[in-house]
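In: structure for this input, please:
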Amino acid sequence: MTWRELPRELRTLARWLTVVQMVGYAVALVQVRFTTHLTPGGVAARYRGSDVAAADGAMQFGKSFAEMLTTTHTHLLSMSAIFALSGACLALCGAPASPVRRFLIAEPFGALLVSFSAMWLMRYADPRFAWLLMASSTVMAITFYLQSFIILRDLHRAERSAS
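Out: Have a look, this model is predicted:
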């Protein structure tokens, strides 16, 4: 089954869901930029703390074990729901080929697990794991936006063929 075979109402739902998720993800990326400056040192300081005051003069304290659990819990649950929705929408697209779609559906879940493993390793083992966190999070974001582009393109094509 593809988007072309589904009712227009479901295509409208998928389109708006995808657009709102893209905006929400963009806001999250801006927040990460604001809090870490997208540098390994900034990422490590966010979770491990820093003896040096941030540019705005605020001290950064390491996240406690309870804060790490809360961050992990809320992000794993919410982001897996986002990726489940985008993956379901992508599964209904006519292109790309099935093996590529399967990869694009699975990749964000793997990157999510790598990212949060790296976050814990960075916090409690070595700050250099910030590089792995940044790399896996970047791949996850690129994949999410690629999924979104493919979904919106396929929905647009389905609407044009329905008219």
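
In: which residues does the residue nearest to the spatial centre of the chain contact?
Out: The chain has A141 as the residue nearest its centroid, 4.8 Å off, counting by C-alpha atoms, centre = their mean. Counting by C-beta atoms under 8 Å, 6 or more residues apart in numbering, A141 touches 25, 29. (Each C-beta comes from the backbone N, C-alpha and C, glycine too.)

In: pLDDT on the helix or strand containing it, on average?
Out: When elements are assigned from DSSP states H and E, A141 belongs to helix 130-162. Mean pLDDT, helix 130-162: 95.

In: same check, this time on stretch 22-30
Out: Stretch 22-30 comes out at a mean pLDDT of 97.

In: tell me which residues of it are tucked away?
Out: Neighbour counts over stretch 22-30 (16 or more other C-beta atoms under 10 Å) mark 22, 25 as buried.

In: hang on, F109 packs against F83?
Out: Yes. Between F109 and F83 there is a contact under C-beta atoms under 8 Å: 5.9 Å.

In: picking that back up, roughly how far does the residue nearest to the centre of the chain sit from F83?
Out: Distance from A141 to F83, counting by C-beta to C-beta, to the nearest Å: 12 Å.

In: what's P40 in contact with, if anything?
Out: Counted by C-beta under 8 Å, 6+ apart, P40 has contacts 127-128, 130-131, 134.

In: now, of those residues, which are buried?
Out: Buried by 16+ other C-beta under 10 Å: 127, 130, 134, out of the contacts of P40.
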